[in-house]
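Asker: Give the three-dimensional model of this entry:
(chains A and B)
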There are 2 protein chains.
Amino acid sequence: MIRHAFFRAALLVLSFALGFAPARAGAQGPQATPAAVERWGSTEITLPGPSTGNPFMEIDFSATFTQGARKVTVPGFYDGGGQYKVRFMPDAVGVWRYETHSNRPELRGHKGQLAAVAPSAGNHGPVRVRNVRHFAYEDGTPYWQVGTTSYAWAHQTEALEQQTLKTLAGAPFNKLRMAIFPNHDDKSEAPRFPFAGQAPKAWDFTRFNPEFFRHLEQRVGQLRDIGVEADLILFHPYDKGYWGFDRMPADVNERYLRYVVARLSSYRNVWWSMANEFDFLKEKSMPEWDSYFQTVQASDPYQHLRSIHNAFVFYNHTKPWVTHVSVQSGAIAEDYERAVLLRDVYNKPVVYDEVKYEGNFSRRWGQLKPEEMVLRFWMGAIAGTYVGHSESYEDPNGMMWLAKGGVFKGASPPRLAFFRKILSESPSAGLEPIDKWQGHPFAGKHAEYYLGYFGLGAPKEWPFLLFKTGLQDGMKFRAEVIDTWNMTVTPVDGTFEIVKRDNYYFADKNGRSIALPGRPYMALRIVRVQQ
Amino acid sequence: MIRHAFFRAALLVLSFALGFAPARAGAQGPQATPAAVERWGSTEITLPGPSTGNPFMEIDFSATFTQGARKVTVPGFYDGGGQYKVRFMPDAVGVWRYETHSNRPELRGHKGQLAAVAPSAGNHGPVRVRNVRHFAYEDGTPYWQVGTTSYAWAHQTEALEQQTLKTLAGAPFNKLRMAIFPNHDDKSEAPRFPFAGQAPKAWDFTRFNPEFFRHLEQRVGQLRDIGVEADLILFHPYDKGYWGFDRMPADVNERYLRYVVARLSSYRNVWWSMANEFDFLKEKSMPEWDSYFQTVQASDPYQHLRSIHNAFVFYNHTKPWVTHVSVQSGAIAEDYERAVLLRDVYNKPVVYDEVKYEGNFSRRWGQLKPEEMVLRFWMGAIAGTYVGHSESYEDPNGMMWLAKGGVFKGASPPRLAFFRKILSESPSAGLEPIDKWQGHPFAGKHAEYYLGYFGLGAPKEWPFLLFKTGLQDGMKFRAEVIDTWNMTVTPVDGTFEIVKRDNYYFADKNGRSIALPGRPYMALRIVRVQQ
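Answerer: Presented below is the predicted three-dimensional model:
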């Protein structure tokens, strides 16, 4: 059926944003010239439509965006007050034409176009998998994941949320795991809820609360503005039936997921985490998780990263809808020879999002010393994997970064900033373990770059020995000694010229070693000298 | 089409074996009364048929065995000399009726019956997966895998093969990994080959050499007789193109697999290992491996255990045709916190078939001290997994257990016999890790049985602390100190009565500890005293 689009053009409301948060109240009136939006920015088309009945249940709304041979179908959503929106994140510059679709005549056949312009500084696009087990922004810029977690930071007061944003703006973390649903464990009532109705349990699961989502979107947009990926946790078990968001019927879960994806997928910094500690959500079966993953995969026009976080049971991350591995394990990142195993199993990027937290909490998952927290990031990196931080220091006011955000009390963040800086100076293809057989604490790129880490070992020297792959007699290297705790980088005098020693190693031709201070947490950086 | 079976009954040749190796020359003549075979024994029907043309390629032969509502279709094979055979392993006692099928009239429609009788002592049926991550024989007897490897032992002289069998008969190992194809690495020519033709390369891949397989079957039967499972390695990379069995065309590979399965699947002690170091077989792609797995799965009427062994790349063991995990890793079994990870990932029994070998070989995979070899078995057990042994001691005559068999030179076998005895006294459901969070070196069954292992740690005492699951104040336990190297079990005086200590542990109510000798390789066994 051909729609009389021109006759409805006068109804078109197109709002747009240059690069960052989508404007919520766009320019009214006909759209004669293309709106401008950055590549990987978010723009929004708003149309007035029915407000009677239950638009959430009864009205379908979407748009198709076309550029040359490419066509992207984007789900829209009802934003309350008779307003229908569809949000678009163009992934290529140039003109995009669009047309709306709906089961209601007044919402369909609206056509228009917009111009996507070059991204501004700091906009590198969404994070993608690169080189099998690593990440990069879509423009090719390496993304070295240094994550943190604050589950309910976006369910706090305005003042506290602003403080959290300020903390993050000065912190080393480029990913934040955060829950969409509020957290009953924090013993405070949440300020707003995703469904219409009355707390704690009188919910109308057929109607969303747009104000809740507008707040969430504002926070996700603010994270984007400070360079932080928002790893959105779609379900979690910390409701414990209090509000019941952890045990909604399957059709509500599916509708909720589609609504979240429609609202949030145009934010380039979004990642989807199907759940935190999914195996503690006893109401959901494994086939349901598979189905929810597939719903998100099918709904998201931009294919943001998808994973799921566990307590004791591992999800089968080999399934095709899992883009990267997200794992909780108390012990796995304490040792690079453990950490490397899941990487080998899954052939996907591995993020150890929860490896215990820095703090002094009464539970054993929240008692890491800062040294132990930082060690896990380094061990993970030597294994070619990525690690997550959080803090669980006791506080008389119940303020714990892990739960509510606020400020850091721990000693690991500056060390993790130093760690991230070292990573950012590494080969852009990602750190790959140099020799996984046993006991070789180096990652990097054969014959070019070696990053070694001795952890709790406190050697007084390291005999200059590189694993054979790619090496030839006569190659020369320079070295630096890195104190990962005291955050110093000390060049070693001279260069090292190598000769083959045996079946496995090349050594310095004069048998030189590198002196080390006999303290723990030392690292080495060895870089080939181009001749 | 109805076959005139009675008119052909006079042609029927039925040979049978009571329990063990199938007789190769059976009783001739009409089969009036049922032949007898043990449950899980192997029996054989032989029919004369065409010997012209190429029977391997041109003639299909199989039989259906029926008992009540159950019907098992079993592939037959051409054994040369105009003889066609089908072998059957009944899994239930009682009368089984059979009928043969073929694309040749003289081989089809032969009917008969046989009686399966109760198994004799030592025959517990094939090994199956039990309790998700463990094994048991089909009659329910626990199977505690303590494996070894001798790749080419069945390609040696008669005298050496007999010596190997004698060694195994007195050894702790209940599984032997062995290759079907000979191993060019051992620098000797194999005495026989699986295909017709001339070594090294003039093979007729359309014709098998029945004599090769009859020898192999004899050896598999002898292993069965001494209680050793034969983990048959179907492909391996150690040919390196010399004979070319590592790079046969896909259709030859498929035919080879079906022939091997038809000949050997009635041996209850057979396991199928698709390959050793599959990722070193560069000629085969991952989809080919999937296909070969599926061929074996589809052909094997008895569904013997199936896995595949790697070098550096892990096969995706979550695939449904993989019954258990077989892994090579130099480091994984050195530490129970590493070893447990793949168990959690795969939710299948995990066998670390290659964890380096005991020996003094020039390569780093063959230099374990016997203490290190034994430690890996204990660490694997504490992780709820299983480990494999082999030996690679240098020998002036080129005799290495790993390659050719013979005798053991190492010190680990008696300790592994002791280890297996301890396992055999454990709960039959298998050892499960007690608390995987971190640093708790115990496996067993909550509130009943705890086996702890301290490895290289050499504690002088162990405070009596059990992880909370299943425990209640007032429960009593007795303890034994086990020296895994010196093979002693020393009871600890008295009993320990527990009280809850904190969020995680119960302790002895009087705060007692268990004294330990301050040596490495010590274990503890703690068993609930029924009151």
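Asker: Pretty sure A:Ile482 sits against A:Ile526.
Answerer: No - A:Ile482 lies out of contact with A:Ile526 (CB atoms under 8 Å); the separation is 10.8 Å. (Each C-beta comes from the backbone N, C-alpha and C, glycine too.)
Asker: What number of residues are in the vicinity of A:Leu465?
Answerer: Close neighbours of A:Leu465, defined as other CB atoms under 10 Å in any protein chain shown, add up to 16.
Asker: doesn't A:Tyr505 make contact with it?
Answerer: Yes - using CB under 8 Å, A:Leu465 is in contact with A:Tyr505, at 4.6 Å.
Asker: was I right about A:Asn54 contacting A:Phe205?
Answerer: No - if you go by CB under 8 Å, A:Asn54 and A:Phe205 don't touch, sitting 11.3 Å apart.
Asker: For those two, work out which one has more neighbours and name it.
Answerer: A:Phe205 (19 against 13).
Asker: Give me the pLDDT for the more buried one.
Answerer: Looking at A:Phe205, its pLDDT stands at 98.
Asker: helix/strand/coil for it?
Answerer: Put simply, A:Phe205 is strand when judged by DSSP: H, G, I helix; E, B strand; the rest coil.
Asker: Spell out which parts of chain A neighbour chain B.
Answerer: Contact residues, chain A versus chain B (CB under 8 Å from any CB of the partner chain): A:312-314, A:316, A:318, A:329-332, A:334-335, A:337-338, A:341-342, A:344-345, A:356, A:362-365, A:436-439, A:503-504.
Asker: From the residues you listed, list the buried ones, please.
Answerer: Buried by 16 or more other CB atoms under 10 Å in any protein chain shown: A:314, A:316, A:318, A:329-332, A:334-335, A:337-338, A:341-342, A:344-345, A:356, A:365, A:436-437, A:504, out of the residues of chain A next to chain B.
Asker: Near the closest residue to chain B within the stretch 51-200 of chain A, how many other residues are there?
Answerer: Of all residues in the stretch 51-200 of chain A, A:Val132 sits closest to chain B, at 11.8 Å by CB to the nearest CB. Residues lying near A:Val132 (other CB under 10 Å) number 14.
Asker: Spatially, what comes nearest to it if we skip its sequence neighbours?
Answerer: A:Asn347 (6.0 Å; CB to CB, 6 or more residues apart in numbering or on different chains).
Asker: Ok, A:Val74 next?
Answerer: A:Pro301 (4.9 Å).
Asker: you'd agree the one you found is in a helix?
Answerer: No - counting by three-state DSSP, A:Pro301 falls outside a helix, being coil.
Asker: For stretch A:231-240, what is the distance to the chain centroid?
Answerer: In this view, stretch A:231-240 has its centroid 15 Å away from the chain centroid, taken as CA atoms, centre = their mean, to the nearest Å.
Asker: Give me the buried positions along it.
Answerer: Buried residues in stretch A:231-240 (16+ other CB under 10 Å): A:231-239.
Asker: next one: stretch A:110-121
Answerer: Buried residues in stretch A:110-121, counted by 16+ other CB under 10 Å: A:110-114, A:116-117, A:119.
Asker: what's the answer for stretch A:503-522, then?
Answerer: In terms of neighbour count (16+ other CB under 10 Å), stretch A:503-522 has its buried residues at A:504-509, A:512, A:514, A:516, A:520-522.
Asker: Using CSV, lay out the residues you listed together with pLDDT and secondary structure.
Answerer: CSV is the format used below for the buried residues of stretch A:503-522 (pLDDT from 0 to 100; DSSP: H, G, I helix; E, B strand; the rest coil):
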residue, pLDDT, secondary structure
A:Tyr504, 96, coil
A:Tyr505, 97, strand
A:Phe506, 98, strand
A:Ala507, 98, strand
A:Asp508, 98, strand
A:Lys509, 97, coil
A:Arg512, 97, coil
A:Ile514, 98, strand
A:Leu516, 98, coil
A:Pro520, 98, coil
A:Tyr521, 98, coil
A:Met522, 98, strand
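Asker: between these, which is nearest chain B?
Answerer: A:Tyr504 (6.6 Å).
Asker: Please, where are all the helices along the stretch 101-250 of chain A?
Answerer: A:158-169, A:210-225, A:250-264 (DSSP state H, counting those that start in this stretch).
Asker: In contact with A:Thr526: list those residues for me.
Answerer: Residue A:526: Ile, not Thr. A:Ile526 sits next to A:444, A:449-452, A:466, A:477-480, A:496 when contact means CB atoms under 8 Å, 6 or more residues apart in numbering or on different chains.
Asker: Scan the residues you listed and report the most crowded one.
Answerer: Ranking the contacts of A:Ile526 using other CB under 10 Å puts A:Leu466 first, with 28 neighbours.
Asker: A:Asn174: what's it in contact with?
Answerer: Contacts of A:Asn174 by CB under 8 Å, 6+ apart are A:143-147, A:227-229, A:420.
Asker: For the buried ones among those residues, write the corresponding PyMOL selection.
Answerer: Remark: buried members of those, expressed as a PyMOL selection using 16+ other CB under 10 Å:
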select buried, chain A and resi 143+144+145+146+147+228+229+420
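Asker: possible to save the helices of the stretch 101-250 of chain A as a markdown table with mean neighbour count?
Answerer: Output for the helices of the stretch 101-250 of chain A, formatted as a markdown table (neighbours: other CB atoms under 10 Å in any protein chain shown):
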| stretch | mean neighbour count |
| --- | --- |
| helix A:158-169 | 16 |
| helix A:210-225 | 19 |
| helix A:250-264 | 19 |
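Asker: Sounds good, over and out.
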